[in-house]
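In: please work out how this folds:
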Amino acid sequence: MHIAVAGNIGSGKTTLTKMLAAHYGWTPKFESVDFNPYLSDFYEDMERWSFNLQIYFLNKRFKDVVEISRMEDVIIQDRTIYEDARIFAPNLHAMGLMSTRDFENYSDLFDLMMSLVSKPDLLIYLKSSIPNLVAQIQKRGREYEKSIRIDYLTGLNKRYEDWIQEYDGELLVVNVDDIKFENRPEDFRTVTDKIDAKMFGLFSAVREVSE
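Out: Model (predicted):
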């Protein structure tokens, strides 16, 4: 089974992934950030490095999805392949930071990949306001994130909201402005209670198919 955590930069995806993996005994799949050879360059010069960065992420995440499909464990994934193609690449294109030629090439490659994989069994979306995202980004203090533009972050947030409105898979929305799962145990229980309610039906469906 494949559980995925989605959300904007600084929304708490990695933290929640770690906490849920520990709570349920699930196997975590984390987003590759610290070893990304393009990320620092991208934040310094977005137009020059946008296509390179998005192809790197697409390649890594497609490998992850293929690997997840072959595993028997319950996998919880930090960020999905859909976010690259539905959020980040279109936002860069709309801002004039990725050429139409590069964006169309990227989109064709993504469509081909999506014909070969399935949606997550459950998508957990971490909804956040821009001030909360900025506070969290500043709190974690990553050097390469200091130059993130507010208009870039705002554009991403709008696209996340639009994408979630149209998402047709199993979905759980967590408003992280109000639910501080990292610091308040009662809020984390709220999240796990909601997941339990969703997962009961999902596990029942899996048992029915296997039987």
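In: CA atoms for contacts and neighbours, from now on please.
Out: OK.
In: which parts of the chain are strands?
Out: 2-7, 27-29, 75-78, 122-127, 171-175 (DSSP state E).
In: can you show me the CA trace of the fourth one as PDB?
Out: In other words, strand 122-127. What follows is strand 122-127, C-alpha atoms only, in PDB (Å, rounded to 0.1, in the frame of the first residue of the first chain):
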ATOM      1  CA  LEU A 122      -4.100   7.700   0.200                       C
ATOM      2  CA  LEU A 123      -2.900  11.200  -0.400                       C
ATOM      3  CA  ILE A 124      -2.400  13.400   2.700                       C
ATOM      4  CA  TYR A 125      -2.300  17.100   1.700                       C
ATOM      5  CA  LEU A 126      -0.800  19.600   4.200                       C
ATOM      6  CA  LYS A 127      -2.700  22.900   3.600                       C
END
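In: run through who's touching it.
Out: Outside strand 122-127, the residues that touch it by CA atoms under 8 Å, 6 or more residues apart in numbering are 2-8, 11-13, 164, 169-177.
In: and if we set it to 6 Å?
Out: 3-7, 170-176 (CA atoms under 6 Å, 6 or more residues apart in numbering).
In: and those, which are buried?
Out: Neighbour-count burial (16 or more other CA atoms under 10 Å) applied to these gives 3-7, 171, 173-174, 176.
In: which one of those is nearest Asp64?
Out: Ala4 (11.6 Å; CA to CA).
In: thinking that closest one is in contact with Ile75, fair?
Out: No - applying CA atoms under 6 Å as the test, Ala4 and Ile75 come out as separate, 8.0 Å apart.
In: mind listing the helices for this structure?
Out: For the chain, helices defined by DSSP state H occupy the ranges 13-24, 39-44, 46-69, 81-83, 89-94, 100-114, 130-140, 150-166, 185-210.
In: what helices or strands is the first one leaning on?
Out: It refers to helix 13-24. Using 3 or more CA pairs under 6 Å, 6 or more residues apart in numbering; DSSP states H and E as the contact definition, helix 13-24 packs against no other helix or strand.
In: show me how far that helix is from its chain's centre.
Out: 14 Å (CA atoms, centre = their mean, to the nearest Å).
In: okay, buried residues for that helix please.
Out: Residues of helix 13-24 classed as buried: 13-14, 16-21 (neighbour count, 16+ other CA under 10 Å).
In: quick one: low-confidence parts of the protein?
Out: Residue ranges of the chain with pLDDT under 70: 32-34, 201-211.
In: just give me the residue closest to the centre of it.
Out: Arg79 (2.4 Å; CA atoms, centre = their mean).
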